[in-house]
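Enquirer: For reference, the sequence and a predicted model appear below.
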Amino acid sequence: MHKESADHLSKDPVLKSLIITLPPPTFRQPKGLYQDLLRSIVGQQLSGKAAETIHHRFLDLFENKTPLAKKVIAMDMETLRGVGLSRQKASYLQNVSDFFLREQIENSDLEGMEDEVIVEYLTQIKGVGRWTVQMILMFSLFRPDVFPVDDLGIQNGIIKNYGLTETGKLLKTRMTELAEPWRPYRTNACWYLWRSLE
């Protein structure tokens, strides 16, 4: 899979130089849809390091660092805010927990669904937007062709590597056009763009 995607993405000279200089993509082991979704919400609009710190503090609230949905729902707001979560994010974590208790879904339940159907399904949860589900598609479900155009890291990676000067909607239009030839391996292309910023 990696060789196929590397060969395909190397048709783009900018990506080719990143593929030559950076190690191949690696993705962490998913913890399961529920826990990964909680982690994504904690990470919304935060740098990687800040998100990691708050996520670890959040996990420390639970036995064996395992947040069970019932426990998250029962936890009072002050305890959740005490680990560095905003009131809004704390309530989003409880919304996710409530949804999972009702729907009883696992990663395997989504296997037959197309990416866009999963986006529609999970964005029913208040606090879960398109970006959050795209992170789930990439890092929990290992979908190969996801392009999160709203991701700040991807925007910065493209601006840096391709010298784009557009902003706002124009930038997103240009990004989408630029990424079109990367199909069906846009997830790996994104991985290289993120790493190029480190």
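Expert: Received, thanks. Given the structure is predicted, the values throughout are model-derived calculations rather than measurements. Numbering: from 1, shown residues only.
Enquirer: Now do the same contact list for N161.
Expert: Applying CB atoms under 8 Å, 6 or more residues apart in numbering to N161 gives the contacts 14, 18, 193, 196. The way it works is simple: take the backbone N, C-alpha and C, and place the C-beta from them, glycine included.
Enquirer: Nearest residue to the middle of the protein?
Expert: In the chain, the C-alpha nearest the mean C-alpha coordinate belongs to M135, at 1.9 Å (CA atoms, centre = their mean).
Enquirer: How about residues contacting the helix or strand containing it?
Expert: Assigned by DSSP states H and E, M135 belongs to helix 130-139. Residues from elsewhere that reach helix 130-139 (CB under 8 Å, 6+ apart): 27-28, 30, 33, 36-37, 40-41, 43-44, 115, 118-119, 122-123, 143, 146, 148, 150-151, 187, 190.
Enquirer: Check which residues of it are buried.
Expert: By neighbour count on 16 or more other CB atoms under 10 Å, the buried set for helix 130-139 is 131-139.
Enquirer: And stretch 27-35, by the same measure?
Expert: In stretch 27-35, counting by 16+ other CB under 10 Å, buried: 33-35.
Enquirer: gap between it and the chain center?
Expert: Put simply, stretch 27-35 sits 11 Å off its chain's centre (CA atoms, centre = their mean, to the nearest Å).
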